[in-house]
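Engineer: Structural data only, the sequence is not supplied:
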């Protein structure tokens, strides 16, 4: 999963913008700093602006061809897919935990990205919801 982004030079510095997410950085001193901020803050931004508010997380809609591409770590991709699937299917964490025979706390850790949850566990949960993640390189 790659989100395209742009960097614009302003009179206050360099600003990065991920259109699909509505994610804009504060002015930075260099383009490298913009890329660092986008990468380091992506998970927190998604958590704060979408998941914590109960909203679906927008998936990339624009092609990165000829544009800058912001890589989304695989576990974050899986979290986004899990969250959006739960929203689409109106599945609550408690229901999902019961279907899987695990604690609600474990599902909460998966949704929040806390704890040492393996990629395989995300796959297992997503498959119960009828989703089969694809990895592309």
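Structural biologist: Right, received. Where do you want to start? Since this is a predicted model, take the numbers as computed values, not measurements. Residues are numbered from 1 along each chain as shown.
Engineer: now residue 36: how far from residue 14?
Structural biologist: To residue 14, residue 36 is 11 Å away according to Cβ to Cβ, to the nearest Å. For the C-beta atoms, the positions are set from N, CA and C on the backbone; glycine is no exception.
Engineer: Tell me which of those two has more neighbours.
Structural biologist: Applying other Cβ atoms under 10 Å to residue 36 and residue 14 shows that residue 14 carries more neighbours, namely 19 against 14.
Engineer: In terms of helices and strands, where is that one?
Structural biologist: Using DSSP states H and E, residue 14 sits within strand 13-18.
Engineer: For that strand, the averaged confidence score.
Structural biologist: The average pLDDT within strand 13-18 is 96.
Engineer: right, and the helix or strand after that strand?
Structural biologist: Next along from strand 13-18, by DSSP H and E: strand 23-24.
Engineer: Now do that following strand: which elements does it pack against?
Structural biologist: Under the contact criterion of 3 or more Cβ pairs under 8 Å, 6 or more residues apart in numbering; DSSP states H and E, strand 23-24 touches strand 13-18, helix 31-49.
Engineer: domains of this protein?
Structural biologist: Taking automatic domain parsing as the domain assignment, the ranges for the chain are 2-71, 74-128.
Engineer: mind putting the ones you listed in CSV, distance to residue 134 included?
Structural biologist: Conversion of the domains of the chain to CSV gives the following (distance: least, Cβ to Cβ, whole Å):
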stretch, distance to residue 134
domain 2-71, 13
domain 74-128, 10
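Engineer: So which residues of this protein form strands?
Structural biologist: Assigned by DSSP state E, the chain shows strands spanning 2-10, 13-18, 23-24, 68-71.
Engineer: The third one pairs with which strands, parallel or anti?
Structural biologist: Each strand that pairs with strand 23-24, with its direction, by DSSP bridges: strand 13-18 (antiparallel).
Engineer: Off-centre distance for the partner strand?
Structural biologist: 19 Å (Cα atoms, centre = their mean, to the nearest Å).
Engineer: which residues sit against it?
Structural biologist: 3-8, 23-31, 33-35, 37-38, 70 (Cβ atoms under 8 Å, 6 or more residues apart in numbering).
Engineer: now it and strand 2-10, what's the angle there?
Structural biologist: On the basis of axes from the mean of the first three to the mean of the last three Cα atoms, to 10 degrees, strand 13-18 is oriented at 160 degrees to strand 2-10.
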